[in-house]
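>>> next comes the sequence, and after it the predicted model I'd like to discuss.
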Amino acid sequence: MNPTFQILLIDDDAGNREAIRMLLANSGFQVFSAASGEEAMALLQKSRFEVILTDLFLPGISGMDILKQVKEKDPASSVILITGKASAETAVEAMKSGAFDYLTKPLNFERLKVLIDKALEKTRLLNENLYLRQQLRGKYRFDRIIGNSRAMQQVFSRMEKIVGTDSTILILGDSGTGKELVAKAIHFNGNRKDQPFVAINCGAIPAELLESELFGHVKGAFTGAVAEKKGKFEQANRGTIFLDEIATMPLHLQMKLLRVLQEQEVEKIGDNKTIQLDVRVISATNANLEEAVRKGTFREDLYYRLNVIPIRLPGLKERREDIALLVRHFAQKICQESGRSSVAFSNEALRAMEGYAWPGNVRELENVVERTITLTDGDMIQRDDLPPDIGGGEGAREYVAPRPKLTDQGVNLPGIVADLERELIIASLQHTKGIKARAAGLLNIKRTTLVEKIKRLGIEA
């Protein structure tokens with residue numbers, strides 16, 4: 001038996017108590033004993049017990065009182081009640097109050113040992129589950145999403161406003177911007193954090209299988225349905241479902257999804273019974289859903305149902321001031337995971353990375369950092385160590401800033417101007433190898449003006 005698990009035995013009959021204590025101790029259990037409910041409560045204030053074995057009828061604080069107080073303060077602990085005056089009513093009341101099980105005197109000791117083993121296993125699994133959930137909450141804290149840029153601060157602000165709600169969310173952004181990471185952060189910091197988070201990539205599953213994956217099926221519903229299957233919505237009940245690449249969903253399934261969202265119920269394929277749901281829906285796409293609606297490839301009513309609260313994640317080229325932060329974060333993470341001593345990136349390497357287009361966004365950046373660290377022996381990454389497209393070696397491409405198009409929705413002129421200004425400043429610093437006076441001359445501005453702009457735009461010195 002695991003000696004870290006502790007059992008509390010409560011019985012006002014001294015002979016009975018000592019006999020049970022000795023039998024349990026001889027079987028390898030770590031046992032503490034109390035002669036009354038009051039003595040037991042004092043021990044429970046000082047220590048945590050995985051299993052509480054208590055007589056039901058005690059003078060003063062009864063076994064039922066102990067059960068209720070234990071389950072209120074520590075739901076993971078298991079309480080086994082023992083009595084010589086069994087009745088169906090007390091058994092039912094005990095189980096409704098959260099008792100693990102109920103035994104009558106004279107005790108069957110082998111049965112008691114089996115029950116304790118089961119209770120300890122249940123406690124171990126609950127503790128393990130709690131630990132994993134704490135780890136997940138830690139992993140998906142807001143501060144684990146890296147970014148000091150204005151664009152990311154706007155994302156954090158919106159996340160903080162909606163995290164405590166059950167509103168439907170649509171996350172928009174190019175591939176590699178971290179849409180699933182944001183969805184998990186919202187779930188694991190919200191009201192449903194102790195319930196399931198179920199993710200499904202709608203674009204990665206063939207259309208003919210997607211319906212069964214989402215909604216489930218009964219045995220015999222179609223060829224190959226040899227057993228009943230729970231769909232992702234049913235698995236996510238009371239929690240969150242994340243529908244990635246929602247724009248790829250076929251039109252006939254969009255209709256069924258719309259009904260699920262409207263009615264909060266699902267019907268398995270081949271069944272005529274409905275299953276009531278309580279699911280928060282977060283969807284994501286890198287496509288322009290408004291354009292898809294205009295083309296008729298995405299239902300307008302479903303779009304409005306999903307787009308209750310939109311969150312747009314900026315591409316890396318819109319938050320270049322975050323690149324150095326991200327590089328350091330990924331470098332530290334990769335070195336820790338590989339057991340390698342710390343690796344740093346030179347200022348010249350960082351400037352080269354800030355000038356690159358990053359079509360694959362944060363995911364591409366992480367891959368480049370990992371590849372560069374793996375293939376470089378030293379503890380300082382230089383510009384020449386970077387892939388040619390980024391470091392400027394043979395085969396490099398010059399980055400050309402995209403030309404914005406004016407649409408009916410307008411453009412973010414201050415943001416575009418700030419991005420262009422940042423690009424030119426970074427290019428001038430690269431060209432002059434960081435000499436600010438020469439860079440300012442290339443830009444036809446004063447050196448003091450350049451320094452102010454570098455600070456305002458968050459450009460690495």
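Thanks, I have the structure now.

>>> any stretches of the stretch 1-150 of the chain with poor pLDDT?
Along the stretch 1-150 of the chain, the parts satisfying pLDDT under 70 run over 1-4, 85-89, 91, 127-143.

>>> all the helices of the stretch 151-300 of the chain, in order from the start?
Here the stretch 151-300 of the chain has its helices, by DSSP state H, counting those that start in this stretch, at 179-188, 207-215, 232-235, 251-263, 289-295, 300-306.

>>> and the ones you listed, which is most packed in?
Of all the helices of the stretch 151-300 of the chain, helix 179-188 carries the top mean neighbour count, a mean of 22, counting by mean count of other Cβ atoms under 10 Å. To be clear about C-beta, it is placed using only N, CA and C from the backbone, and glycine gets the same treatment.

>>> state the mean pLDDT of that one.
Summarised as a single mean, pLDDT over helix 179-188 is 92.

>>> and for stretch 192-206?
On average, stretch 192-206 scores 90.

>>> could you export the helices of the stretch 151-300 of the chain as JSON lines, including distance to residue 72?
Shown next, in JSON lines, are the helices of the stretch 151-300 of the chain (distance: least, Cβ to Cβ, whole Å):
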{"stretch": "helix 179-188", "distance to residue 72": "25"}
{"stretch": "helix 207-215", "distance to residue 72": "38"}
{"stretch": "helix 232-235", "distance to residue 72": "30"}
{"stretch": "helix 251-263", "distance to residue 72": "36"}
{"stretch": "helix 289-295", "distance to residue 72": "47"}
{"stretch": "helix 300-306", "distance to residue 72": "40"}
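
>>> ok, which of those comes nearest residue 195?
Distance to residue 195, taken as Cβ to Cβ, is lowest for helix 179-188 among those, at 8.5 Å.

>>> which helices and strands sit right next to that closest one?
In terms of contacts (3 or more Cβ pairs under 8 Å, 6 or more residues apart in numbering; DSSP states H and E), helix 179-188 is packed against helix 109-139, helix 150-162, strand 169-172, strand 197-201, strand 240-244, strand 280-285.

>>> that helix: how far from the chain's middle?
Distance of helix 179-188 from the chain centroid (Cα atoms, centre = their mean, to the nearest Å) equals 5 Å.

>>> now do it against strand 197-201, angle only.
If you take axes from the mean of the first three to the mean of the last three Cα atoms, to 10 degrees, helix 179-188 sits at 160 degrees to strand 197-201.

>>> angle of helix 179-188 against strand 240-244?
170 degrees.

>>> could you export helix 179-188 as CSV, CA atoms only?
Provided in CSV are the C-alpha atoms of helix 179-188 (Å, rounded to 0.1, in the frame of the first residue of the first chain):
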residue,chain,number,x,y,z
LYS,A,179,-6.2,30.3,-32.7
GLU,A,180,-6.5,27.1,-30.8
LEU,A,181,-4.1,28.4,-28.1
VAL,A,182,-6.5,31.4,-27.6
ALA,A,183,-9.5,29.1,-27.5
LYS,A,184,-7.9,26.9,-24.8
ALA,A,185,-6.9,30.0,-22.8
ILE,A,186,-10.5,31.2,-22.8
HIS,A,187,-11.8,27.8,-21.7
PHE,A,188,-9.2,27.0,-19.0
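
>>> tell me the spacing between residue 299 and residue 259.
11 Å (Cβ to Cβ, to the nearest Å).

>>> then residue 359?
The spacing between residue 359 and residue 259, counted by Cβ to Cβ, is 38 Å.

>>> contact partners for the residue lying closest to residue 418 once chain neighbours are set aside?
Using Cβ to Cβ, 6 or more residues apart in numbering and skipping residues adjacent in sequence, the residue nearest residue 418 is residue 457, 6.6 Å away. By Cβ atoms under 8 Å, 6 or more residues apart in numbering, the residues touching residue 457 are 321, 418, 421, 422, 425.
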